[in-house]
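Attaching a predicted model along with its sequence, questions to come.
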Amino acid sequence: MAAGEAGDRLLIVDDEADVTLLLSRYFSSQGFRVTTACDGHEMRRALAAQPVDLVLLDLGLPDEDGFAITRYLREQWRGPVVIVTGRGEAVDRIVGLELGADDYVTKPFDLRELLARVRSVLRRSRATGNPVSQAPNRLAFDRYVLDVQSHTLVDSEQNPVELTGGEFVLLRTLVEHPNQVMTRDQLMNHVHGREAGPFDRAIDVQVGRLRRKIEPDPSRPRLIKSVRGTGYLFTPTVRRP
């Protein structure tokens, strides 16, 4: 059953009434339960009132900078966030992804493509991988243990490492392919369900965020190494405890 058909709850945060109405009607027709908010205050109230599976966030809100809201969601809520905005500059896209957004869509958008991206993000946020009988739930590397069922990463002292949905899928993809060069297109397909465009730096941004969380020295990475002109190589030995 496709994501959305089981009644996933979507929170649309946008101050443009016509856009909100369009998105609300469309996603409702696709099986989502939709709640709307016109600014950051209403968004926080909606999140406190009921569970939300995914937030569609516009950056140009009247009361608060959209990037500040993205940072708040990543720090305080941690569910999947898809930015939907008229700000299409590359620097805005990079900043949004750096702050933890799971995807970035510019207006005007195709409703069917936006639906596909939302479903892809929802699938990634819930991915539990292959059945237990076919694949291990826990993968250990360096001083970390990645649990693919509970979506957790802990260090050797059992301290949790907070990961976004996209970061978890990226790390799991790398851990499952140790000592194997993964191209940007391969990683993009795993993480975002599409190939990277010629100027698409989404994977590089996410790798940079991930390095800051697991590398002893992110400026001189030893776990996730860059392969010039190709992609990335995950170097640690992976154990199955």
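Yep, it's here. Predicted model, so just to flag it, every value in this text is computed and none were measured.

how about the regular element (helix or strand) spanning L114: buried residues?
Using DSSP states H and E, L114 sits within helix 111-126. By 16 or more other CB atoms under 10 Å, the buried positions in helix 111-126 come out as 114-115, 117-122, 124-125. In this view, the C-beta of every residue, glycine as well, is placed from N, C-alpha and C.

For that helix, which helices and strands make contact with it?
Judged by 3 or more CB pairs under 8 Å, 6 or more residues apart in numbering; DSSP states H and E, the packing partners of helix 111-126 are helix 17-29, strand 54-57, strand 81-85, strand 103-106, helix 165-175.

Surely C38 and I12 touch.
No. Contact criterion CB atoms under 8 Å: C38 and I12 do not qualify, at 9.6 Å.

quick revisit: give me whichever of the helices and strands packed on helix 111-126 is most buried.
Using mean count of other CB atoms under 10 Å, the stretch among these with the largest mean neighbour count is strand 54-57, at a mean of 26.

can you tell me how far V105 sits from V238?
From V105 across to V238, the span is 34 Å (CB to CB, to the nearest Å).

buried residues in the lowest-mean-pLDDT helix or strand in the chain?
Ranking every helix and strand in the chain by mean pLDDT, DSSP states H and E puts helix 184-192 at the bottom, with a mean of 79. Buried positions in helix 184-192, judged by neighbour count with 16+ other CB under 10 Å: 184-188, 190-192.

and the angle from the helix holding L114 to helix 17-29?
60 degrees (axes from the mean of the first three to the mean of the last three CA atoms, to 10 degrees).

Between strand 81-85 and helix 111-126, find me the angle.
Using the same axes, to 10 degrees: helix 111-126 against strand 81-85 is 160 degrees.

related to what we said a few turns ago, now the helices and strands packed on helix 111-126 as JSON lines including mean pLDDT and distance to S219?
Below are those laid out as JSON lines (pLDDT from 0 to 100; distance: least, CB to CB, whole Å):
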{"stretch": "helix 17-29", "mean pLDDT": "93", "distance to S219": "41"}
{"stretch": "strand 54-57", "mean pLDDT": "96", "distance to S219": "31"}
{"stretch": "strand 81-85", "mean pLDDT": "94", "distance to S219": "27"}
{"stretch": "strand 103-106", "mean pLDDT": "92", "distance to S219": "26"}
{"stretch": "helix 165-175", "mean pLDDT": "88", "distance to S219": "19"}
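
can the ones you listed go into a markdown table with extra columns for distance to V145?
Shown next, in a markdown table, are the helices and strands packed on helix 111-126 (distance: least, CB to CB, whole Å):
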| stretch | distance to V145 |
| --- | --- |
| helix 17-29 | 37 |
| strand 54-57 | 28 |
| strand 81-85 | 27 |
| strand 103-106 | 28 |
| helix 165-175 | 10 |
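
Please name whichever of those is nearest to R222.
R222 sits nearest to helix 165-175 of all these, at 13.4 Å, using CB to CB.
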